[in-house]
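Asker: Below are the sequence and a predicted model for it; my questions follow.
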Amino acid sequence: MCVTVEACARHFANDRCARRIERATEWQRRLCPNQGMRLLHAGCPTLTSTPASSMNLPTLFTRSRRVLPATVIAALLAACADRPMPTSAVPELPAPRLDLSAPATDLFISEYIEGSSNNKALEIYNGTGAAINLSSGQYKVLMYSNGAATANLTINLTGTVPAGGVFVLAHGSANAQILAKANLTNSAGWYNGNDAVALVKGSAALDVIGQIGNNPGTEWGSGLTSTADNTLRRKSSICTGDTNGSDAFNPATEWDGFATDNIDGLGAHTATCGTVTLAPTVTSTTPAAGAGNVAVTSDIAVAFNTPVTVSGTWYTISCTNSGTHAATVTGGTTNSAFTLNPTTDFTAGESCTVTIVAAQVVDAANPSVPMTANHVLNFSTLGGSTCSSGFTPTYAIQGSGATAAITGTVTTQGVVVGDFEGAQPALRGFYIQDQTGDGNAATSDGLFVFNNTSNSVSLGDVVRVTGTAGEFQEQTQISNVTAITVCSSGATITPTDVTLPVASSTYLERFEGMLVRLPQSLYVTEHYQLGRFGQVVMSVNARQMQPTNVVAPGAAAAALQAQNNLARIIVDDATNDQNPDPIIFGRGGNPLSASNTLRGGDVATGIVGIMTYTWSGNEASGNAYRVRPIGAMGGGAPNFVATNARPTTPTSVGGTLRVSSFNVLNYFNSFSGCTYGVGGGSTDCRGADSQTEFNRQVPKTVAALMGLNADVLGIVEIENDGYGTSSAIAHLVSQLNAQAGPNTYAFINADAATGQTNALGTDAIKVALIYKPARVTPVGNTAALNSVAFVNGGDGAPRNRPALAQAFQQADGARFIAVVNHFKSKGSACNAGDAGDGQGNCNAVRVAAATQLRNWLTTNPTGTGDPDVLILGDLNAYAKEDPIMVLRNAGFIDLLESRIGPNAYSYVFDGQWGYLDHAMASSSIASQITGVTTWHINADEPSILDYNTDYKSAGQIVSLTDNSAFRTSDHDPVLIGLTLTSPVVNDPSLTVTPPASWTAGVSSSIGVKFSSTKGAPYTVRINWGDNTAVTQFISTVAPASPLQRPHVYAAAGQYTVTVSVTDRSGASTTQTLTITVQ
């Protein structure tokens, strides 16, 4: 039998059926008169006069084939029970379906993008008619890889989705157009076309794309309506998600398909869902139903599911002792939340009843819809013995100074705003804040209660505490607690906004122990301690620059450092644990991993937490003001948004030749028995501690060097163990050739080329040069600057590593000289210490090294006479520091500053960014440089993501490291593009080679080599520049090797030597060089 509810209602319009329909459940009352509603009975036989009450229970469907609750259907049938159904009243129905677009009851996925590269996004639609808080609703997205039955990635959603609005979740490396519409990004392990995706609320699935536990191969569906390389947009008629993740999935049923990377509809969605006005109901109250220990001064908060209009006596308050209470109402007459402030206080230890009168509360948008029943709230007030007596307020204990104003035994009271209870590494206590505060901005309203391993309170509890007030590690706290009484629950505190920069280093004391909010967009400026202590440092406006990278050392640097100090704050996790697992702070509110990093410059906004003054589990972390969001009222893991995407390749530098410099952070293939150079004394090995760690270091280092694809590589911090087949440099080059092909790379053997053992010094590490023989050829002398004046830098022991210079020539004859360096670091002591001007330890040593390098380069150490020089390497000096100025004043151009700008960086120290890794060019090569970049694969990444296994759990050894180039080292590599100018061919040609050194009073020689297409004889003239006789000779052949011509300089100094050669035709070539005589 088939019937229509409309027919039922019309036929019995004046009888009990219609009245029952009018009074039935909300669904009954709304659906019964709706045109097009169909009530279906299986089989649909010929109509009879069978009473409705004896019918089998039918199935009622919405347009999306969702089954309405059986209770709803039963209520509809019951409305027409006990009356026969005349055939004349019941027309035949054409199809067994319910023609109704019901409103969405929860969120569902409205757009799915699986585009090129990382162009992936999900749009989530809210068609419920009310805003939805994603955090409090515990909404999340789960992704199931390759047919897995358990999720490989969970993304917790945060924020609010407005009624009729959407929320866009995007891959952190999606294109700019997608990211511009994203509310949340995450870069960890996203779906491909064969991976299922689920939108979940708590543990209940709201919508599933694909089939969980099934791998379709490449995609579900076909053509444009498939899950691979397409955009899917939910049909406008779909009003609820697919909650069954185990059934077969065909996208064409509910989705429209669009081409790859189509985002035309992203950011908005239209659904033709009907609107059902639900009866107003009370969704929450404070106090909660059945609450005890409610403070006698409490207000009563009432929240509804929808905006309502109240009138007349819409509430009553009655208590067993204090009787009936009138109240002042906050919220007006139309609102979704009201506060009742009783005009008189309750009395201690009584029971109270609050009644919301249904007849006086109607839907604001549809006043014909009232509440269906009164809402009754019962609670009891706190007994008079404990919480109704006087206490010392928290702000009185805190006072306005740096230490507690009141010490000794106290009783205080406040709302629990931060719960960090439990055994170590928990903080072992909780923070309370006075409910109203004293209104004095100079005094804190909160403090810490230390209760050891006890678990006594919850967020929102109003507690009374008796104990000893004082200071512990410079934070005001209550210790030796003798009593904790929960006076009431459900209280809230509005966080106090704290903005950066602050006025002084002590300014944050006024917020110690309080619930605070950091309303600004703050930038990750330091994450060095993220793996050790679970903390990051955030700064306002941008990440912070190292002062001496942008201003001169001294007063200007000190002023900028002072500004930086006031414009940063530590954000810490909830514990004092060392080496936490998991590491909570990663992108998108998800834990850190190799695939979900947290990069310098990433942003979080509106962080809510407790302002603590503590260390983070060890004195190495230092006592400091820290905002702890996890465990705080209204807090939680911050949503770090990816604003600094990982660069998978370096920025293009153009040109026909690529030159790079890279500090590889102690590339050692020895794990024991290391020495200071070949045959030197023993020293600790650096870098990887074991073969296991080395096996993790090698692929990362190779990935970085291969990504640079440089023709000449200046290497810094490689093991100083010679150049044999087992040496570190030989191993590194062999690993590169294993990737690039045999003999693609070679290295300069400085010892063999110079005839010295340990030409590059006797430190544990050295510099090196690697090159591609097919692209360039080493020419001239391999030169090492290893003089005592350079290496010691005026100090009492070796400090700088010797520099290595080599000229390289292209096939067309074009040349340049690469000089790779590693000056003394700032971290360890020298005889010349820290001058306090911002340049750190050993600045004088670095200045001496820069001076010696400048002078050495004027002596033509490679013997090529080529003026095109690139100074490369880790100079351990920032852009405005003295050593750099020595070289700039000598005419060398700082390429990072001139080509990238003042915000260039390659390194971060103490949360301040700058560059120690330099590329400085002689003026003659500047016009041949096509581009300069620093490849930000290291400095931006947390150090815990490196290859080391120390201080990592078994799971973290896997999850925190991969074989990518990211976090290979702590320095970013520098990359330079060159298009060298082909040389002018002189005829006759002339090459002059000076000796490595020249001593006054001692005979030394220069080499002269020449040739000409015109032939001999050749006349050679040498003017020694010291007013002595000119040397002149005639040669009848072009020498195969340089002819040596001796000379004795009488005194030390610099001399300009001029050499000319004239061939048989009279054509001549002249070359000048400067000789330094010591």
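Answerer: Done, it's in.

Asker: Tell me which residues are up against stretch 676-693.
Answerer: Under the criterion C-beta atoms under 8 Å, 6 or more residues apart in numbering, residues 665-668, 670-675, 694, 696-697, 719-722, 751, 757-758, 761-766, 947-950 lie in contact with stretch 676-693. Every residue, glycine included, has its C-beta placed from N, CA and C.

Asker: Find the centremost residue of this structure, please.
Answerer: In the chain, the residue lying closest to the centroid (C-alpha atoms, centre = their mean) is Leu598, at 2.5 Å.

Asker: hang on, the earlier thing: only whichever of the contacts of stretch 676-693 are buried, select them in ChimeraX.
Answerer: This is the ChimeraX syntax for the buried subset of those, where burial follows 16 or more other C-beta atoms under 10 Å:
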select :665,666,667,668,670,674,675,694,696,697,719,720,721,722,751,758,761,762,763,764,765,766,947,948,949
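
Asker: on that earlier part again, ok, the residue nearest to the centre of the chain touching Pro942?
Answerer: Yes - between Leu598 and Pro942 there is a contact at 6.1 Å, judged by C-beta atoms under 8 Å.

Asker: can you list residues touching both of these two?
Answerer: Listed as contacting both Leu598 and Pro942 by C-beta under 8 Å, 6+ apart are His527, Leu530, Leu592.

Asker: ok now do the residue nearest to the centre of the chain, which residues does it touch?
Answerer: Here Leu598 is in contact with Val524, His527, Leu530, Val536, Phe585, Gly586, Arg587, Leu592, Phe640, Pro942 (C-beta under 8 Å, 6+ apart).

Asker: just checking, the third one touches Leu960?
Answerer: No - under the criterion of C-beta under 8 Å, Leu530 makes no contact with Leu960, lying 10.7 Å away.

Asker: quick one: common contacting residues for these two?
Answerer: Ile583, Leu592, Ile944.

Asker: for this structure, longest helix please?
Answerer: For the chain, the longest helix by residue count, based on DSSP state H, is helix 691-708.

Asker: Which positions in it come out as buried?
Answerer: For helix 691-708, burial by neighbour count (16+ other C-beta under 10 Å) applies to 693-694, 696-708.

Asker: tell me the angle the helix or strand following it makes with helix 691-708.
Answerer: Downstream of helix 691-708, the first helix or strand assigned by DSSP states H and E is strand 712-719. Computed by axes from the mean of the first three to the mean of the last three C-alpha atoms, to 10 degrees, the angle separating strand 712-719 from helix 691-708 equals 170 degrees.

Asker: on that earlier part again, most neighbours out of the shared contacts of Leu530 and Leu960, which is it?
Answerer: Neighbour tally across the shared contacts of Leu530 and Leu960 (other C-beta atoms under 10 Å): the maximum, 27 neighbours, falls on Leu592.

Asker: if I read this right, it contacts Ser943, doesn't it?
Answerer: No - taking contacts as C-beta under 8 Å, Leu592 lies outside contact range of Ser943: 11.5 Å.

Asker: any residues in contact with both of the two?
Answerer: In contact with both Leu592 and Ser943: Leu530, Gly531, using C-beta under 8 Å, 6+ apart.

Asker: Leu980: what's it in contact with?
Answerer: Residues in contact with Leu980, defined by C-beta under 8 Å, 6+ apart, are Thr656, Leu657, Gln810, Ala814, Arg815, Phe816, Asp868, Gln928.

Asker: which residues of the chain score low on pLDDT?
Answerer: Within the chain, the stretches with pLDDT under 70 are 1-103, 274-277, 383-386.

Asker: Walk me through the domains of it.
Answerer: The record's domain parsing of the chain by automatic domain parsing lists 5-89, 108-258, 282-380, 394-492, 497-628, 657-978, 989-1077.

Asker: Reformat those domains into JSON lines and put distance to Cys387 next to each item.
Answerer: Formatted as JSON lines, those follow (distance: least, C-beta to C-beta, whole Å):
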{"stretch": "domain 5-89", "distance to Cys387": "41"}
{"stretch": "domain 108-258", "distance to Cys387": "29"}
{"stretch": "domain 282-380", "distance to Cys387": "7"}
{"stretch": "domain 394-492", "distance to Cys387": "4"}
{"stretch": "domain 497-628", "distance to Cys387": "21"}
{"stretch": "domain 657-978", "distance to Cys387": "44"}
{"stretch": "domain 989-1077", "distance to Cys387": "88"}
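
Asker: circling back: any chance of JSON lines for the shared contacts of Leu598 and Pro942, columns secondary structure and distance to Gly221?
Answerer: Rendered in JSON lines, the data for the shared contacts of Leu598 and Pro942 read as follows (DSSP: H, G, I helix; E, B strand; the rest coil; distance: C-beta to C-beta, whole Å):
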{"residue": "His527", "secondary structure": "coil", "distance to Gly221": "42"}
{"residue": "Leu530", "secondary structure": "helix", "distance to Gly221": "42"}
{"residue": "Leu592", "secondary structure": "coil", "distance to Gly221": "35"}
